[in-house]
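Asker: could you work out the structure for the sequence below:
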Amino acid sequence: MTVTVPLIDLRVLSDAEAARAMDAACRDVGFFQVIDPDTDAAMTARVFNVMRTFFAAPDADKQRYHIRHSHPHQRGYVPLFEESLGEDASADFKESFDLGVDLAPDHPDVVAGKPFAAPNVWPDTDGFRDAVEAYHAAMMRLGERLVRLTAVGLGLDADYFDYAMAAPVANLRLLRYPPRVRESERVGCGAHTDYGFLTVLAQDGVGGLEIETGDGSWIGVAPIDGAFVVNLGDLLTRWTAGLYRARRHRVVGAGSEERYSIPFFLDPNVDAMIETVPTCRHLPGADTAPVSAGAFLQSRFDDTFNYREKAAGNLASEGAAPYVAAQ
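Answerer: Numbers count the residues shown, from 1 in each chain. Got it, this is the predicted structure:
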């Protein structure tokens, strides 16, 4: 099976043309690349610079921001081998720093203990916070536009998903994949699908991202200067009864070079109940039973991190419990 990842240039396409192009890509591939005229390339470059500086710091400095301290809210540093996104038991050969929507400690969602609702953790790396906050805001704007174009492509009103995306779980990951000395060494990130609505990825020029084709083979997604890679998540698959299908992907590593990437995960409000959209209810995969977005996302995150088992005693003492959305 031959798979081509389309390029959608928002500089030249009308919203109607972009929605049609996205619809075709979502049906056929589950991936596309997008050029956004409203995202400043210099701003993106600043984020790559500050993350390189952070990851170059001594391990003891990075460990001060370990993600276990923010459980279950996904904020902070994840060392090498403490995450396993693949379906086997192997750990990923990468380190990351995770952030999300930065809420004040007295925000009602923080006080209520909703998952993923928390203040961010900010390292003292010079310029880190300013660069990352500007980039996160830009991704929120691009994500909102892509969500509305998705709705139009599905034959829905542009604001159809507003009920579920008004206060989204919008996590940002800064990722570093170390160089590999031998080809037989671990993959950077195991084969998996993403969890929510869609992911917007900035990658450097090194490459290494691969997607699975229908016959089980893998093809690379070559970096395009100025373009973001967009892929679909599992909850969008549920929303569309499988018409739009999240595709498995992996990172095979950077060879002798380091690889840096910045995925932005745009996922629904934790209280949203996900059920098949009206234009897809005739499809064989339609399921009228709603799924809690918050419970689904938390279950996927809980399965991903090895540190949860290593620190089970500590986490149990924190009183974390599975999230159940209000019905």
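Asker: so what strands line up beside the helix or strand hosting S261?
Answerer: S261 is part of strand 259-267 when elements are defined by DSSP states H and E. Sheet pairing of strand 259-267 (DSSP bridges) gives strand 169-177 (antiparallel), strand 198-203 (antiparallel).
Asker: alpha carbons of that strand, in PDB - could you do that?
Answerer: Extracted C-alpha coordinates of strand 259-267, given in PDB (Å, rounded to 0.1, in the frame of the first residue of the first chain):
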ATOM      1  CA  ARG A 259      16.500  14.600  17.400                       C
ATOM      2  CA  TYR A 260      14.200  17.200  18.900                       C
ATOM      3  CA  SER A 261      10.500  17.500  18.400                       C
ATOM      4  CA  ILE A 262       7.500  19.400  19.900                       C
ATOM      5  CA  PRO A 263       4.200  17.600  19.800                       C
ATOM      6  CA  PHE A 264       1.100  19.600  20.900                       C
ATOM      7  CA  PHE A 265      -1.800  17.300  21.900                       C
ATOM      8  CA  LEU A 266      -5.200  18.900  21.600                       C
ATOM      9  CA  ASP A 267      -7.700  16.800  23.500                       C
END
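Asker: name the strands paired with the helix or strand following it and say parallel or antiparallel.
Answerer: Downstream of strand 259-267, the first helix or strand assigned by DSSP H and E is strand 273-274. Strand 273-274 pairs in its sheet with strand 291-292 (antiparallel), by DSSP bridges.
Asker: now the angle from the helix ranked longest in the chain to strand 198-203?
Answerer: Taking DSSP state H as the criterion, the chain has its longest helix at helix 128-153. Between helix 128-153 and strand 198-203, the angle comes out at 130 degrees (axes from the mean of the first three to the mean of the last three C-alpha atoms, to 10 degrees).
Asker: so after helix 128-153, what's the next helix or strand?
Answerer: helix 162-165.
Asker: helices along this structure, start to end?
Answerer: Counting by DSSP H, the helices of the chain are 15-28, 41-55, 59-63, 108-111, 128-153, 162-165, 234-239, 293-304, 307-310, 312-317.
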